[in-house]
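Asker: Here is a sequence together with a model predicted from it:
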Amino acid sequence: MSSIEKLLKAIAANPKDVRFSDLDKLCTHYFGKPRNKTMSIKHPGLETPRVNIQKGKDGKTKTYQVKQVLAAIYKLKDKNNG
């Protein structure tokens, strides 16, 4: 299992405690470079083509943003496998 897959499983298991740098790494792997500093992800094959993640004061991301990214990754994986 690759380090990206391990990171994805760890984030999916605990979406409330995710560092921005980890989510940034995951997003960059699946969606490419961010459009701007706050990590606006755009992927044309998804229903919701844009997800924004922001670094909080504690260096973590908000749970709802993590869940949006996970949903986008799972949709992308389903689309590529199906």
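Answerer: Here it is on my side, so go on.

Asker: mind listing the strands for this structure?
Answerer: Under the criterion DSSP state E, the chain contains strands at 40-42, 50-52.

Asker: Just name the shakiest helix or strand of this structure by mean pLDDT.
Answerer: strand 40-42 (a mean of 59; mean pLDDT, DSSP states H and E).

Asker: in this protein, which segments are predicted with low confidence?
Answerer: Scanning the chain for pLDDT under 70 picks out 35-50, 82.

Asker: Nearest residue to the middle of it?
Answerer: Computing the C-alpha centroid of the chain and ranking residues by Cα atoms, centre = their mean puts Val69 first, at 3.7 Å.

Asker: From Met1, how far out is the closest residue to that one other than its chain neighbours?
Answerer: Of all residues not flanking Val69 in the chain, Val51 sits nearest, at 5.6 Å (Cβ to Cβ, 6 or more residues apart in numbering). Just so you know, the C-beta spots here come from the backbone N, C-alpha and C atoms, and that holds for glycine as well. With distances taken as Cβ to Cβ, to the nearest Å, Val51 is found 24 Å from Met1.

Asker: Could you check which of the two is surrounded by more residues?
Answerer: Val51 (22 against 7; other Cβ atoms under 10 Å).

Asker: Buried residues in stretch 4-14, which are they?
Answerer: Neighbour-count burial for stretch 4-14 flags Leu7, Leu8, Ile11 (criterion: 16 or more other Cβ atoms under 10 Å).

Asker: what residues does that stretch touch?
Answerer: The contact list for stretch 4-14 (Cβ atoms under 8 Å, 6 or more residues apart in numbering) reads Val18, Asp22, Leu23, Lys25, Leu26, His29, Val66, Leu70, Ile73.

Asker: Just the buried subset of the residues you listed, written out for PyMOL, thanks.
Answerer: Filtering the contacts of stretch 4-14 down to the buried ones (16+ other Cβ under 10 Å) takes a single PyMOL command:
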select buried, resi 18+22+23+26+66+70+73
